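**Student:** Need the 3D shape of this:
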Amino acid sequence: MIRVRDLVHRYDDGTPAVDGVSLDVPDGEFLVLAGANGSGKTTLVRHCNGLLTPDEGAVNIDGRPVSEDLVAARTSVGMVFQDPRDGFVAATVGADVAFGPENLGLPHEEIDRRVADALAAVNMAGREGERIDALSGGEQKRVAIAGALAMDPDHLVLDEPFTGLDWPARRSVLDHLAALHAGGTGVVLVTHDLRDVDALADRFVLLADGRVAHDGASLPDADRLTDLGVRPPGV
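**Tutor:** Predicted coordinates for the structure are as follows:
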């Protein structure tokens, strides 16, 4: 369970990027977090594994404050950045996916199993030795997802995962996310574009100016979405 309570995070000039947000994300839920650029989406989710620290309020993972145990938070909440290259730490696919489990101090046999399972989950099995910089953008996205999955997280958070992808790559990522959700992994998908993701979501949370503007199992109408700077489904 991710629990956010009265979260405030301010820019350096004092302007709030996130302004009093409270939110619960149960295990296993597929949550779409949508809003215009600058609405606070990325700032909000980066508190879930300690990449940012609240100015006010609190974020708890499984009942424990994130700041109390960063390793536990980052094990429970896997983060995939908008540009996957921001998260890569190794030159080859296998070494990058293994990095997280290695830092948990797991036995080599367990690390190898996690790497193999994570790559298989994103249709990259057997490609451990390939250089990441030689992969396509869609393949790099899938390696980034595999790296997060290798941590065996309860929640997978993806920040604008479709940026720069063509339709086949977008479809591939969508299919993998649907399969992961069906297998019990919670998904938090951060986006400004609701095309193709509305059918996957259990719940939609929309942000505007750092505040929750909508929270529910269904979406507001297209005019309201447009007002919030969100691309409606089917448009």
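**Student:** okay, now residue 167: neighbour count?
**Tutor:** Per other C-beta atoms under 10 Å, the neighbour tally for residue 167 reads 9. C-beta: built from backbone N, CA, C; applies to glycine.
**Student:** Spatially central residue for the chain, please.
**Tutor:** residue 157 (1.6 Å; C-alpha atoms, centre = their mean).
**Student:** Correct me if wrong: residue 32 contacts residue 191.
**Tutor:** Yes. Assessed by C-beta atoms under 8 Å, residue 32 is found in contact with residue 191 at 6.6 Å.
**Student:** what's the overlap in contacts for those two?
**Tutor:** The contact sets of residue 32 and residue 191 overlap at residue 197 (C-beta atoms under 8 Å, 6 or more residues apart in numbering).
**Student:** lowest-pLDDT helix or strand in this protein?
**Tutor:** Taking mean pLDDT, DSSP states H and E as the measure, the chain has helix 167-182 as its least confident helix or strand, at a mean of 84.
**Student:** and it, what does it pack onto?
**Tutor:** helix 108-121, helix 137-149, strand 155-159, strand 186-191 (3 or more C-beta pairs under 8 Å, 6 or more residues apart in numbering; DSSP states H and E).
**Student:** In the longest one, which of the residues would be classed as buried?
**Tutor:** By that I understand helix 108-121. 111, 114, 115, 116, 118, 119, 121 (16 or more other C-beta atoms under 10 Å).
**Student:** Could you dump those into TSV and include pLDDT and distance to residue 37?
**Tutor:** Shown next, in TSV, are these (pLDDT from 0 to 100; distance: C-beta to C-beta, whole Å):
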residue	pLDDT	distance to residue 37
111	96	37
114	94	34
115	95	34
116	94	37
118	90	30
119	91	32
121	83	30
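**Student:** Output those residues as TSV; include the columns distance to residue 229.
**Tutor:** Shown next, in TSV, are those (distance: C-beta to C-beta, whole Å):
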residue	distance to residue 229
111	42
114	38
115	39
116	41
118	34
119	36
121	33
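**Student:** what's the farthest-apart pair in the residues you listed?
**Tutor:** Using C-beta to C-beta, the buried residues of helix 108-121 span at most 15.8 Å, a distance reached by 111 and 121.
**Student:** Relative to residue 19, which of the helices and strands packed on helix 167-182 is closest?
**Tutor:** Evaluated over the helices and strands packed on helix 167-182, closeness to residue 19 peaks at strand 186-191, with 17.4 Å, by C-beta to C-beta.
**Student:** Let me know the angle separating that closest one from helix 167-182.
**Tutor:** Relative orientation of strand 186-191 and helix 167-182, computed by axes from the mean of the first three to the mean of the last three C-alpha atoms, to 10 degrees: 150 degrees.
**Student:** Quick one: distance of strand 186-191 to the chain centre.
**Tutor:** 5 Å (C-alpha atoms, centre = their mean, to the nearest Å).
**Student:** got a list of contacts for it?
**Tutor:** 2, 25-34, 41-42, 45, 48, 154-162, 177, 180-181, 197, 200-201.
**Student:** Now, of those, which are buried?
**Tutor:** 2, 25, 29-34, 41-42, 45, 48, 154-162, 177, 180-181, 197, 201.
**Student:** Go ahead and confirm residue 196 touches residue 233.
**Tutor:** Yes. Under the criterion of C-beta under 8 Å, residue 196 makes contact with residue 233 at 7.5 Å.
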